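Trainee: A structural model of the following input is requested.
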Amino acid sequence: MAPPPRVVLDTNVIVTALRSRRGASNRVLSLIGTGRFVHAVSVALAFEYESAVLRPDAGVRLARPLVDDVLDYVCSTAERQRIYFLWRPVLPDPSDDLVLEVAVHAACTMIVTFNARDFRGAERFGVRVVTPGAFLRHLQVVS
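Mentor: Now for the predicted structure:
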């Protein structure tokens, strides 16, 4: 049996999952900790998740304690990746570089995001960029 895929979840997947209980991003979030995949996070990426989710325009209508619990769970189940050196910039958006750095340093095979276009060039590092729906199909969770 093949080992579970190693991935990094882009911030937009976390925000979208917390906005709605429907959809692929929420399903991906619900699979965290089940062993279906390994997800990696760095301290900087965890802070990015928190900052994005708590923005007033993020559309997350959950109570702060619940948001904190979800983010704590995401971080506690993640493989924590230290970033020892930076090779930025590679991508146009520094927040996307943050995600790519974690993927490369943690030897992830995929970045799960809604903005695949923003990660053009990730393939140079052996990282595929997939949407949450495509990731679920890869896991054979949905058809």
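Trainee: From R36, how far off is the spatially most distant residue from the centre of the chain?
Mentor: Distance to the chain centre peaks in the chain at M1, reaching 24.3 Å (criterion: C-alpha atoms, centre = their mean). Distance, M1 to R36, by C-beta to C-beta, to the nearest Å: 12 Å. (Glycine included, C-beta is placed from N, CA and C.)
Trainee: now A58
Mentor: 26 Å.
Trainee: How about the helix or strand bottoming out on mean pLDDT in the chain, which residues are buried there?
Mentor: Ranked by mean pLDDT, DSSP states H and E, the weakest helix or strand in the chain is helix 94-105, scoring a mean of 92. Using 16 or more other C-beta atoms under 10 Å as the test for burial, helix 94-105 gives S95, D96, D97, L98, V99, L100, E101, V102, A103, V104, H105.
Trainee: need the helices for the chain, in chain order.
Mentor: 11-19, 24-30, 43-54, 64-77, 94-105, 132-138 (DSSP state H).
Trainee: who's more crowded, A58 and R36?
Mentor: A58 (17 against 14; other C-beta atoms under 10 Å).
Trainee: got any ranges where this structure has weak pLDDT?
Mentor: 85-88, 143 (pLDDT under 70).
Trainee: Give the burial count for L66, as a bare number.
Mentor: By other C-beta under 10 Å, 11 other residues sit near L66.
Trainee: Sweet, I'm off.
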